[in-house]
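Chemist: Sequence below, structure please.
(one chain, ligands or ions: 1)
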Amino acid sequence: MRNNKKHLVILGSTGSIGQSTLDVVRRFRNRYEVVGLAAGRNSFLLAEQIDEFQPEVVAVESEKQAGELRRRLGRRRLKILCGEAGYEEIASVSRADMVVSAITGVAGLKPTLAALKGGKDVALANKESMVVAGALIRKIAARSGSRVIPVDSEHSGVFQCLRGRNKKFVKRVYLTASGGPFLRVPLEELAGKSLAEALKHPRWKMGLKVTIDSATMMNKGLELIEARWLFNLRPEQLGVLVHPQSIVHALVEFLDGSVLAQLSPTDMRIPIQYALSYPERLEAPLPSLDLAGVRSLEFFPVDERRFPLFGLARKALAAGLSFPVVLNAANEVAVQAFLEEKISFGQIVEVVNYCLNNHRPRALSELDEILAVDGESRGLAQQYLKELKGKIT
Ligand code: MG
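Modeler: Sure thing, here's the model as predicted:
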């Protein structure tokens, strides 16, 4: 017999969002049950999660990872899927009600689509899939009746402000940005910032890729594009405010001049918990917001000289077509190269700029077309990285 718990599949369970999601499940065992866990290469942590949450199926990156996991699990019998097909299969297992999509990058796109096609609600943390395939995701979700509920804190804020309101009264939507670790460093020092410095985010504890994207503010650019599709808004209705305190996550301005804002402590478990419990609300995992203790909330515009990647993202949003796919692919390649200390912080924008400038835009509607542009752009970015390397040595 089916119990009335919500059955979850967590894609990216060993990442930052995955671990926070499991933390929420731990607090509300009476409401949530984990039926599937998908991870990449961290089989040590995955094995621990399997012991604790007893899923019926798991998925890992490759046969090799599957073998390693089997060794760790000993005699326990468990269905282990692997590779791209495995991620798609686990995202649509019949027992699941909701899939938490928290694999980083375009790698999360196919499993997200599989979940939606399978009629699952998706708690979406994987912003890149919305950036590259927003229209397609909307179409598939509409066809299957699945809901996409944002996990990203700013989008959760917008989602909450928009609830129960007619969108025709919305004038503008603002996402806030902390500004990351380089908000106030002298401009001339920016290009030479080290990996360690870029990884020191002042407000949020997050995965590596999104932490670097926050330092360049590409993260906020990707979030604008994500918001455009999540809420079906026009590009000119979307804006960003730098707000170093990270207390206000989003603001929605209505035609009559009223502005609603969503505020909460800076902890990803709050938006994750809301995505899981929506439309209900559960007790918070941490103390109430102490606004008197915060004392001041500042807001100012983004300086695009300081954050040129944000400027490129804003242009890609306005230009539409295949530009957001190129933007995202080039950025993924460049950030990976920076994480491997193959390029400098300042070269991330060079790679993305090069790819956007050397792209012939076209309209994209099907997955194959999107993935083709994604692949082309990665090739272009790799080629540019090779040229850079040639110049250094
Ligand atoms: Mg965010």
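
Chemist: Quick one: residues contacting the residue in the stretch 201-350 of the chain that the ion sits nearest to.
Modeler: The stretch 201-350 of the chain approaches the ion most closely through residue 223 (5.5 Å), counting by CB to the ion. Just so you know, the C-beta spots here come from the backbone N, C-alpha and C atoms, and that holds for glycine as well. By CB atoms under 8 Å, 6 or more residues apart in numbering, the residues touching residue 223 are 127, 152, 154-155, 175.

Chemist: please redo it, this time with the cut-off set to 7 Å
Modeler: By CB atoms under 7 Å, 6 or more residues apart in numbering, the residues touching residue 223 are 127, 152, 154, 175.

Chemist: Please identify the helix or strand for it.
Modeler: Element membership for residue 223, per DSSP states H and E: helix 218-230.

Chemist: near the ion, which residues of the stretch 151-300 of the chain show up?
Modeler: 152-154 (CB under 5 Å from the ion).

Chemist: what kind of secondary structure is residue 250 in?
Modeler: Judged by DSSP: H, G, I helix; E, B strand; the rest coil, the three-state class of residue 250 is strand.

Chemist: What is the helix or strand following the helix holding residue 223 packed up against?
Modeler: Next along the chain after helix 218-230, taking DSSP H and E as the criterion, comes strand 238-242. Counting contacts by 3 or more CB pairs under 7 Å, 6 or more residues apart in numbering; DSSP states H and E, strand 238-242 packs against strand 170-177, helix 218-230.

Chemist: distance between strand 238-242 and the chain's centre?
Modeler: 18 Å (CA atoms, centre = their mean, to the nearest Å).

Chemist: swap in stretch 271-287?
Modeler: Centre to centre, stretch against its chain (CA atoms, centre = their mean), the figure for stretch 271-287 is 18 Å.

Chemist: Now the terminal residues of it, how far apart.
Modeler: 15 Å (CA to CA, to the nearest Å).

Chemist: Name the residues that touch that stretch?
Modeler: Contacts of stretch 271-287 (CB under 7 Å, 6+ apart): 6, 17, 20-21, 24, 27-28, 32, 123, 149-151, 153, 156, 265, 267, 269-270.

Chemist: If you average the pLDDT over it, what comes out?
Modeler: On average, the pLDDT along stretch 271-287 is 95.

Chemist: can you pull the buried residues of it?
Modeler: Using 16 or more other CB atoms under 10 Å as the test for burial, stretch 271-287 gives 271-276, 278, 285.

Chemist: I'd like the average pLDDT over the helix holding residue 223.
Modeler: Mean predicted confidence for helix 218-230 is 98.

Chemist: is it possible to export the residues of the stretch 151-300 of the chain next to the ion to JSON lines including secondary structure and neighbour count?
Modeler: Output for those, formatted as JSON lines (DSSP: H, G, I helix; E, B strand; the rest coil; neighbours: other CB atoms under 10 Å):
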{"residue": "152", "secondary structure": "coil", "neighbour count": "28"}
{"residue": "153", "secondary structure": "helix", "neighbour count": "23"}
{"residue": "154", "secondary structure": "helix", "neighbour count": "28"}
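
Chemist: any chance of those in CSV, with pLDDT too?
Modeler: Below are these laid out as CSV (pLDDT from 0 to 100):
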residue, pLDDT
152, 96
153, 97
154, 98
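
Chemist: of these, closest to residue 84?
Modeler: residue 152 (24.0 Å; CB to CB).

Chemist: surely that closest one meets residue 126?
Modeler: No. Contact criterion CB atoms under 7 Å: residue 152 and residue 126 do not qualify, at 9.4 Å.

Chemist: Residue 6 and residue 130, how far apart?
Modeler: Counting by CB to CB, to the nearest Å, the separation of residue 6 from residue 130 is 23 Å.

Chemist: which of the two has more neighbours?
Modeler: residue 130 (30 against 16; other CB atoms under 10 Å).

Chemist: Would you mark the buried spots in the helix or strand hosting that one?
Modeler: Here residue 130 is covered by helix 127-144, with elements defined by DSSP H and E. Buried residues in helix 127-144, counted by 16+ other CB under 10 Å: 127-138, 140-141.

Chemist: Point me to the residue of this protein nearest the ion.
Modeler: residue 152 (4.2 Å).

Chemist: Let me see the domain layout of this structure.
Modeler: 2-150, 153-307, 320-393 (automatic domain parsing).

Chemist: winner for burial among those domains?
Modeler: Mean neighbour count, computed with mean count of other CB atoms under 10 Å, is highest for domain 2-150 among the domains of the chain, reaching a mean of 20.

Chemist: follow-up on the earlier one: got a list of what the residue of the chain closest to the ion touches?
Modeler: Counting by CB under 7 Å, 6+ apart, residue 152 touches 125, 127, 223, 226.

Chemist: Need phi/psi at it.
Modeler: Main-chain dihedrals, residue 152, degrees, to the nearest 10: phi -50, psi 130.

Chemist: Over to residue 119?
Modeler: Dihedral angles (degrees, to the nearest 10) for residue 119: phi 80, psi 20.

Chemist: can you offset everything so residue one is 30?
Modeler: Right, with 30 as the first residue, what we last looked at is residue 148.

Chemist: That one reaches residue 170, doesn't it?
Modeler: No. Judged on CB under 7 Å, residue 148 makes no contact with residue 170 at a distance of 9.8 Å.

Chemist: Could you measure from residue 131 over to residue 301?
Modeler: Residue 131 is 9 Å from residue 301, by CB to CB.

Chemist: Low-confidence bits of the stretch 30-179 of the chain, can you list those?
Modeler: 30-32 (pLDDT under 70).

Chemist: Next to the ion, which bits of it? Give me the list.
Modeler: Residues of the stretch 30-179 of the chain lying near the ion (CB under 5 Å from the ion): none found.

Chemist: would you list every one of the strands in the stretch 30-179 of the chain?
Modeler: With strands called from DSSP state E, counting those that start in this stretch, the stretch 30-179 of the chain shows them at 35-40, 61-67, 86-89, 108-111, 127-130, 150-153, 177-179.

Chemist: Can you give the strand pairings for the third one, parallel or anti for each?
Modeler: Going back to what we said before, that points to strand 86-89. Strand 86-89 sits in its sheet next to strand 61-67 (parallel), strand 108-111 (parallel), going by DSSP bridges.
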